[in-house]
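Following is a predicted model, sequence given first.
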Amino acid sequence: MKKLNVIMVYNKEENKILMCKREKEPYKGKFNLVGGKVEKNEDELHAAYRELREETGITDKDITLTHIMNFQYKMKDMELEVYAGKLNKNVDLIEELNKLYWIDKNANFFDLEKYAGEGNIGHMVQQVEIYKDKVL
């Protein structure tokens with residue numbers, strides 16, 4: 001089964017979420033969470049920190065990630081791991097491929113014209129809000 005991850009990065013004040021604007025399909029031109037592929041035999045948490053560092057320059061010294069949920073896509077033989085965390089300081093972002101944006105956490109992440117993931121990002125944000133004492 002192919003494994004991917006997405007990382008929900010909240011700013012220090014917990015009022016914005018870091019997103020990228022997709023440069024390629026799927027979801028080209030839409031906002032999405034940062035993340036990527038888990039390599040074969042790679043520890044999942046290590047993969048999340050690696051992808052976060054590669055795509056944004058944020059390291060494990062800047063944020064503590066919590067694994068909050070997985071989505072299994074049986075027809076695609078794929079699993080998507082979802083991590084979340086809050087920055088412990090302000091950081092200078094380093095873009096890899098996709099341009100990075102801070103989006104207000106109260107945005108309508110269910111807007112399919114603007115955001116990737118068929119509404120899943122909205123669901124993820126709601127789950128973090130429910131369990132924020134354990135996650136952020």
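Sure thing, it's come through.

OK, contacts around Val91?
Listed by CB atoms under 8 Å, 6 or more residues apart in numbering, the contact set of Val91 reads 57-58, 62. No exception for glycine: its C-beta is placed from N, CA and C like everyone else's.

If you rank the residues you listed by neighbours, which is first?
Using other CB atoms under 10 Å as the neighbour test, the contacts of Val91 are led by Ile58, with 23 neighbours.

can you tell me how far that residue sits from Leu18?
Separation of Ile58 from Leu18 (CB to CB, to the nearest Å) stands at 8 Å.

what is in contact with these two at once?
9, 93.

Show me what counts as buried in stretch 6-19.
By 16 or more other CB atoms under 10 Å, the buried positions in stretch 6-19 come out as 6-10, 16-19.

Show the end-to-end separation of it, please.
Taking CA to CA, to the nearest Å, stretch 6-19 runs 10 Å from one end to the other.

now what about it, what contacts it?
31-35, 48, 51-52, 56, 58, 63, 65, 68, 80-90, 93, 100-105, 124-125, 128, 132, 136.

Let's see that with 7 Å instead.
31-35, 48, 51-52, 56, 58, 63, 65, 80, 82-90, 100-105, 124, 128, 136 (CB atoms under 7 Å, 6 or more residues apart in numbering).

Please check those and keep the buried ones.
Counted by 16+ other CB under 10 Å, these give 31-35, 48, 51-52, 56, 58, 63, 65, 80, 82-87, 100, 103, 105, 124, 128, 136 as buried.

C-terminal to the longest helix that the chain contains, what's the next element?
Longest helix in the chain by number of residues (criterion: DSSP state H): helix 44-56. Once the chain leaves helix 44-56, the next helix or strand it forms, by DSSP states H and E, is strand 66-73.

Tell me the gap between that next one and the middle of its chain.
The chain centre lies 11 Å from the centre of strand 66-73; the measure is CA atoms, centre = their mean, to the nearest Å.
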